[in-house]
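Novice: coordinates only, sequence not included:
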């Protein structure tokens with residue numbers, strides 16, 4: 001009887017030698033006459049333990065990690081195929097504290113299933129949400145999404161049900177569903193993990209969206225830096241068509257949904273939905289003025305539902321278990337779970353799915369184990385490169401849209417980047433301006449010119465040249481960019497800049513006294 005051993009093919013695991021581990025495992029088993037089957041899965045998100053392999057035993061899966069090719073002989077000699085004792089043995093993965101404490105609704109199958117197998121996906125509860133959706137009319141599907149409290153996980157936090165309802169009510173011969181998979185924020189990787197580890201969850205969510213909006217065609221706009229995700233998605237879509245879960249007759253329902261993957265060209269601005277649509281149509285990625293909104297006039301001028309990966313992948317659970325089951329997680333107006341990505345100077349970086357309301361301190365200390373360097377945490381950036389820097393005294397802020405906004409921060413895509421006490425916050429403020437200057441689409445003056453002048457002015461502050469006057473110029477620039485930019489690229493760049501000045505004034509005072517009001 002063949003023993004099944006899973007080896008991740010997630011990009012992080014591959015970078016840490018997962019393919020070499022798989023080859024060494026197969027060769028070692030062959031030398032010992034062991035009959036093993038190696039299944040390449042995604043990652044469970046314990047990135048400091050990758051590559052983490054798992055062996056199927058009568059008592060459940062047993063995990064080992066981090067495994068290198070040099071460990072394979074000792075693992076096999078210790079009885080790996082029976083789940084034997086070894087210094088790298090982690091036990092049942094679901095009992096590892098990092099995983100056991102989580103609320104895995106969206107990521108329940110990631111790292112468990114063969115990503116490109118429709119049969120494995122269905123064996124682990126997949127397509128139950130679509131089956132439930134097929135029993136409802138479009139309004140019924142939208143009602144479930146609305147009552148769940150799901151908000152867009154791409155950063156803005158707009159209620160998904162309202163957007164879905166707008167597209168559903170729009171009149172057109174052709175509508176579209178577009179997935180924004182241009183995951184470009186620093187410290188974020190949840191979309192990539194999902195697409196590489198459980199792509200059918202995304203496919204199912206987008207198919208349900210097609211039913212809800214009467215859209216028969218869908219596109220996944222994927223960032224070019226994700227070649228493994230691109231290959232996995234293409235293979236999964238092809239297998240889905242063969243299995244009848246995509247195409248002209250989805251699950252023999254008479255309903256059609258066709259899906260394609262399109263690669264971007266590496267522009268951060270194409271994470272903004274209108275720039276994405278411009279790129280998808282074959283033009284340069286430049287922000288469109290709104291109105292009209294994409295829900296009414298989007299791809300090719302037709303009503304288009306644009307959501308990101310984490311929004312679509314929350315939908316199958318909602319339809320399978322009901323809106324109330326999803327809404328019981330979270331707090332206030334932030335319901336359900338959030339895919340939290342913990343990165344930077346952190347001991348245990350990885351993916352954490354947890355209900356809204358957990359504090360930054362609980363994530364960094366309880367899950368992350370503090371800094372990798374062992375030095376004190378000084379600053380935490382939440383929400384990507386345009387998110388605010390939070391100081392130590394704000395770490396008890398809950399991850400909740402309203403609570404973060406009250407502290408002049410944002411949840412964004414759930415990325416958290418940790419810095420220890422060696423960070424220079426004046427340089428971080430400069431980086432925010434520089435990032436905007438490089439990544440701006442150039443359409444509006446406040447973003448294009450404001451960010452460039454911001455870099456120049458911060459350089460003078462850092463050099464100690466008239467710091468009081470130049471920091472006043474920075475504050476004025478930030479006001480103009482916030483109020484005058486066409487999109488969040490320029491509109492949010494002031495958030496990291498002003499949060500650094502407000503919360504870490506000593507880093508600017510080192511270059512001279514400052515007189516910028518902390519607002």
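Specialist: Thanks, I have the structure now. The model shown is predicted, which means the values in this text are computed figures rather than measured ones. Residues are numbered from 1 along each chain as shown.
Novice: just the strands from the stretch 151-300 of the chain, written as ranges.
Specialist: 176-181, 217-222, 258-263 (DSSP state E, counting those that start in this stretch).
Novice: how about those in TSV, adding distance to residue 471 and mean pLDDT?
Specialist: Every C-beta, even on glycine, is put in place using the N, C-alpha and C of the backbone. Supplementary listing: the strands of the stretch 151-300 of the chain in TSV, determined by distance: least, CB to CB, whole Å; pLDDT from 0 to 100:
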stretch	distance to residue 471	mean pLDDT
strand 176-181	36	98
strand 217-222	39	98
strand 258-263	42	97
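Novice: just say which of these is most tucked in.
Specialist: Burial of the strands of the stretch 151-300 of the chain is given as mean neighbour count (mean count of other CB atoms under 10 Å); strand 176-181 ranks first at a mean of 27.
Novice: so what's the spatially most central residue of the chain up against?
Specialist: By CA atoms, centre = their mean, the mean C-alpha position of the chain lies nearest to residue 190, the distance being 3.3 Å. Going by CB atoms under 8 Å, 6 or more residues apart in numbering, residue 190 touches 183, 309-310, 339, 341, 351, 413-414.
Novice: how much space between it and residue 366?
Specialist: According to CB to CB, to the nearest Å, residue 190 stands 19 Å off from residue 366.
Novice: with residue 124 instead?
Specialist: 28 Å.
Novice: repeat that for residue 442.
Specialist: 43 Å.
Novice: for residue 128, same thing?
Specialist: 32 Å.
Novice: cool, and residue 292?
Specialist: With CB to CB as the criterion, residue 292 and residue 366 are 45 Å apart.
Novice: got it, and residue 350?
Specialist: Between residue 350 and residue 366 the distance, using CB to CB, works out to 13 Å.
Novice: more neighbours, these two?
Specialist: For residue 350 versus residue 366, the count of surrounding residues by other CB atoms under 10 Å is larger for residue 350: 24 against 16.
Novice: the more buried one contacts residue 12, correct?
Specialist: No: between residue 350 and residue 12 there is no contact under CB atoms under 8 Å: 9.0 Å.
Novice: contacting residues around stretch 127-147?
Specialist: For stretch 127-147, contacts defined as CB under 8 Å, 6+ apart pick out 121, 159-162, 164-165, 168, 200, 204-205, 207-208, 211-214, 245, 250-251, 253, 255, 315-320, 322-324, 327.
Novice: same check, this time on stretch 280-289
Specialist: By CB under 8 Å, 6+ apart, stretch 280-289 touches 178, 219, 221, 262, 264-265, 267, 269-270, 272, 274-279, 299-300, 441-444, 486-487, 489.
Novice: which of these are buried?
Specialist: Buried by 16 or more other CB atoms under 10 Å: 178, 219, 221, 262, 264, 267, 269-270, 272, 274-279, 299, 441, 443-444, 486-487, 489, out of these.
Novice: centre of the chain to the longest strand seen in the chain, how far?
Specialist: Longest strand of the chain, by residue count under DSSP state E: strand 337-344. With CA atoms, centre = their mean, to the nearest Å as the basis, strand 337-344 stands 8 Å off its chain's centre.
Novice: again with stretch 467-484
Specialist: 31 Å.
Novice: what is the mean pLDDT for it?
Specialist: For stretch 467-484, the mean pLDDT works out to 91.
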